[in-house]
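Trainee: pasting the sequence and the predicted model now:
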Amino acid sequence: MPIYMDSKAINRLKVVLAEKGKTNKWLAERLKNNETTVSRWCTNEVQPSLEKLITISKILDIDVRELVNPTKTAK
């Protein structure tokens, strides 16, 4: 079930895809997901499940924590 958020950027998926030189379409194909769904994740309109984030991190060969913005700033 998608999680609908306000305008706060929870995930970093768009940034990470850009850093890796990958597109929404590329990721959608690998996940066997709709490209529109991936696009909504990238704009933080909705959030992927934790399980999906783990799968994405494996596809991108990164730590899952790189896909999420911190909720606290260091003091």
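Mentor: Okay, I see it.

Trainee: which parts of this structure are strands?
Mentor: Taking DSSP state E as the criterion, the chain carries its strands at 3-4, 46-47.

Trainee: what is the last one packed up against?
Mentor: This points to strand 46-47. For strand 46-47, the contact count by 3 or more Cβ pairs under 8 Å, 6 or more residues apart in numbering; DSSP states H and E identifies strand 3-4, helix 35-42 as packing neighbours. C-beta: built from backbone N, CA, C; applies to glycine.

Trainee: what sits against the residue nearest to the spatial centre of the chain?
Mentor: In the chain, the C-alpha closest to the average C-alpha coordinate belongs to Leu13, at a distance of 3.3 Å (Cα atoms, centre = their mean). Neighbour list for Leu13: Val38, Trp41, Cys42, Pro48, Ile56, Leu67 [criterion: Cβ atoms under 8 Å, 6 or more residues apart in numbering].

Trainee: for those, which one is nearest Glu29?
Mentor: Using Cβ to Cβ, the shortest approach to Glu29 within the contacts of Leu13 belongs to Val38, at 9.5 Å.

Trainee: now stretch 39-52: buried residues?
Mentor: For stretch 39-52, the neighbour count (16 or more other Cβ atoms under 10 Å) marks Ser39, Arg40, Trp41, Cys42, Asn44, Gln47, Pro48, Lys52 as buried.
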